[in-house]
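Participant: requesting a structural model of the entry that follows:
(2 chains)
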Amino acid sequence: MRFATWNVNSVKARLPRLREWLAATRPDVLCVQETKVAEFPDISDLGYRTAHFGQGRWNGVAVLSRIGLEDVRQGFPGEPGFPEQEARYVSALCGGIRFISVYVPNGRTPDDPHYTYKLAWLAALRASLKDDLAAGPLVVAGDFNVAPTDDDVWDPAVFVGSTHVTPPEREALAAIQDLGLRDIVGRPLKGDRPFTYWDYRAGMFHMNKGMRIDLVLASPDIAGEVTDAVIDREARKGKGPSDHAPIVVDIERPAGDGIR
DNA sequence: ATGTCGTCCGCGGGACGA
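Facilitator: Coordinates of the predicted model:
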């Protein structure tokens, strides 16, 4: 079985590349972030069903699956809003695994109300995941907007005083992992840094000045079945890429336990 | 790092978010 996560930065702008990538990579399940549309485009011709929580101009998350899509949940109990709920969480059961696609609030700057919102959102997500973990195998994947350690940013000195690297953000993320979720780090296909995001500006991708802010966290049973995990930097190249690369994970479990 | 790209409004390019 193969699954993946990808912040596409607008599914409308990315649709040709998303379709090509799905056809070439054929994940059984894909967690998508930043769809930026109200309705997800029809990709049923590629064999995928879609669970989408869209908001329109901002945010938007989806789970795409070709191995079944049951018990869809848009948002989670106790989820904070700003002030209203935003489209940052959607989950579904696919082949007996709960796949959760998350787009964690950016936080903007540490003195911004959005930063407080980010910390509250992560704490509430932790409480929700604790219940989900008790129910069975799960994967929570997406754009966490937190670099777990200084090794996960191209130059820690540049990020002093910025969001994504502050101790409270890292502690909130660590508290989620401490539930027993394992961080499945993708292999970089070039260089030795597992970055998943490079700013569009200033040739950052070309210079490999990136960040690892997209994460795949898996329950122990799933983590123990991982045979490979790769950051598909090819998807960050060329004309009209997202600023994030997909993380593609292979596990030895047969796709969908026959549920297709 | 603030060098780009996406959205919206609304018809040209500015405002905003990331």
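Participant: show me which residues of chain A sit near DNA strand B.
Facilitator: A:9-10, A:12-14, A:36, A:56-58, A:105-106, A:108, A:114, A:155, A:158-159, A:162, A:199-204, A:240 (Cβ under 7 Å from any atom of the strand). No exception for glycine: its C-beta is placed from N, CA and C like everyone else's.
Participant: please, a ChimeraX command that selects the buried ones among the residues you listed?
Facilitator: Selection of buried members from the residues of chain A next to DNA strand B for ChimeraX, criterion 16 or more other Cβ atoms under 10 Å:
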select /A:9,14,36,105,106,159,204
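Participant: quick check: buried residues in stretch A:134-143?
Facilitator: Those would be A:137-143, for stretch A:134-143 by 16+ other Cβ under 10 Å.
Participant: so what would you say the end-to-end distance of it is?
Facilitator: End-to-end distance for stretch A:134-143: 24 Å, by Cα to Cα, to the nearest Å.
Participant: now do the helices in chain A.
Facilitator: Assigned by DSSP state H, the helices in chain A fall at A:11-25, A:113-135, A:167-177, A:220-223.
Participant: pLDDT weak spots in the stretch 101-250 of chain A?
Facilitator: Along the stretch 101-250 of chain A, no part satisfies pLDDT under 70.
Participant: that older thread, what's the closest of the buried residues of stretch A:134-143 to residue A:248?
Facilitator: residue A:141 (10.9 Å; Cβ to Cβ).
Participant: nearest spatial neighbour of that closest one, skipping sequence neighbours?
Facilitator: residue A:5 (3.7 Å; Cβ to Cβ, 6 or more residues apart in numbering).
Participant: I figured that neighbour hits residue A:27, correct?
Facilitator: No: the pair residue A:5 / residue A:27 is not scored as a contact, 9.3 Å apart, by Cβ atoms under 8 Å.
Participant: which of the two has more neighbours?
Facilitator: Applying other Cβ atoms under 10 Å to residue A:5 and residue A:27 shows that residue A:5 carries more neighbours, namely 30 against 24.
Participant: got a pLDDT number for residue A:9?
Facilitator: Looking at residue A:9, its pLDDT reads 98.
Participant: contacting residues around it?
Facilitator: The neighbourhood of residue A:9, defined by Cβ atoms under 8 Å, 6 or more residues apart in numbering, consists of A:34, A:36, A:242-244.
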